[in-house]
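Asks: Return a 3D structure for these sequence lines:
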Amino acid sequence: MVLVSSRRHRALAALLSVLTLMGPTSVAGAASSPRALSSGAQTLEPPVGAALTSRMSNLFHDVALDSLARTETLFFPESAYVAMKTGLIASPRTDYVDRLIGFLRLDLAAYHAALFAHGPSAFLGVNVNPHDATWIRPGWCENSIGYWHLPGVRLVYRQNKVVRSVAVASLISWRGVWYVVHLGPNPRPRNVGTLDAPARGRGVPGPAGGC
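Replies: Numbers count the residues shown, from 1 in each chain. Next up is the predicted model:
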């Protein structure tokens, strides 16, 4: 038996005891988890509570107005996309404008027609599964910067006294904030504006996966 005879030795013994209980797997997991990397805002997982509901409420309002300019303020920033893709795809800026914004324009018109062409609609909230959020590491999915990805967040609304919902296909994070990167499904069978998983009722969020 080793007798611990000083305050310093007792503190050291207590620390060793805690580390032993944690084990090597727990220590390694804490070091590698993106949630533990608090030094960079990009690794912060955005919340899925009131802040997300507020942003999706704004999106619903922008869809009602069929306003591309307003919707773009909730869309993944061009500068961030270019930073993620430079050196990995041929022309990130052209891809952003021609493909991402091009599809957003088409989808915005499709969502507006479905949600508001047959009478007024009222936003009720979102249906989201927080466990669907996934950390996409740098190097995955042709991205040089890591980010959080959240698929299939559902906009829940009432139209003609009936509760309905539709998905926002893909949200990704930038510096701790969720942004839309695909409103309609990606990929899709044809290059036309397309609703993602419209349903009667609140629907089912997700599924998890994707980039």
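Asks: Give the full set of residues in contact with Ile172.
Replies: Phe76, Ile136, Tyr147, Trp148, His149, Leu150, Trp178, Tyr179, Val181 (C-beta atoms under 8 Å, 6 or more residues apart in numbering). Where C-beta positions appear, they are placed from N, C-alpha and C, glycine not excepted.
Asks: swap that for Ser57, please
Replies: Phe123.
Asks: Any idea how far stretch 67-76 is from the middle of the chain?
Replies: Chain-centre distance of stretch 67-76: 16 Å, with C-alpha atoms, centre = their mean, to the nearest Å.
Asks: I'd like the average pLDDT over that stretch.
Replies: For stretch 67-76, mean pLDDT is 98.
Asks: got the end-to-end distance for it?
Replies: With C-alpha to C-alpha, to the nearest Å as the measure, the ends of stretch 67-76 fall 16 Å from one another.
Asks: how about the helices of the protein, start to end?
Replies: Remark: helices assigned in the chain by DSSP state H are 7-32, 50-65, 68-71, 78-85, 92-95, 102-116.
Asks: With neighbour count and distance to Val162 as added columns, please give the contacts of Ile172 in JSON lines.
Replies: Shown next, in JSON lines, are the contacts of Ile172 (neighbours: other C-beta atoms under 10 Å; distance: C-beta to C-beta, whole Å):
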{"residue": "Phe76", "neighbour count": "24", "distance to Val162": "32"}
{"residue": "Ile136", "neighbour count": "19", "distance to Val162": "36"}
{"residue": "Tyr147", "neighbour count": "26", "distance to Val162": "36"}
{"residue": "Trp148", "neighbour count": "21", "distance to Val162": "33"}
{"residue": "His149", "neighbour count": "21", "distance to Val162": "31"}
{"residue": "Leu150", "neighbour count": "25", "distance to Val162": "27"}
{"residue": "Trp178", "neighbour count": "26", "distance to Val162": "28"}
{"residue": "Tyr179", "neighbour count": "20", "distance to Val162": "30"}
{"residue": "Val181", "neighbour count": "22", "distance to Val162": "29"}
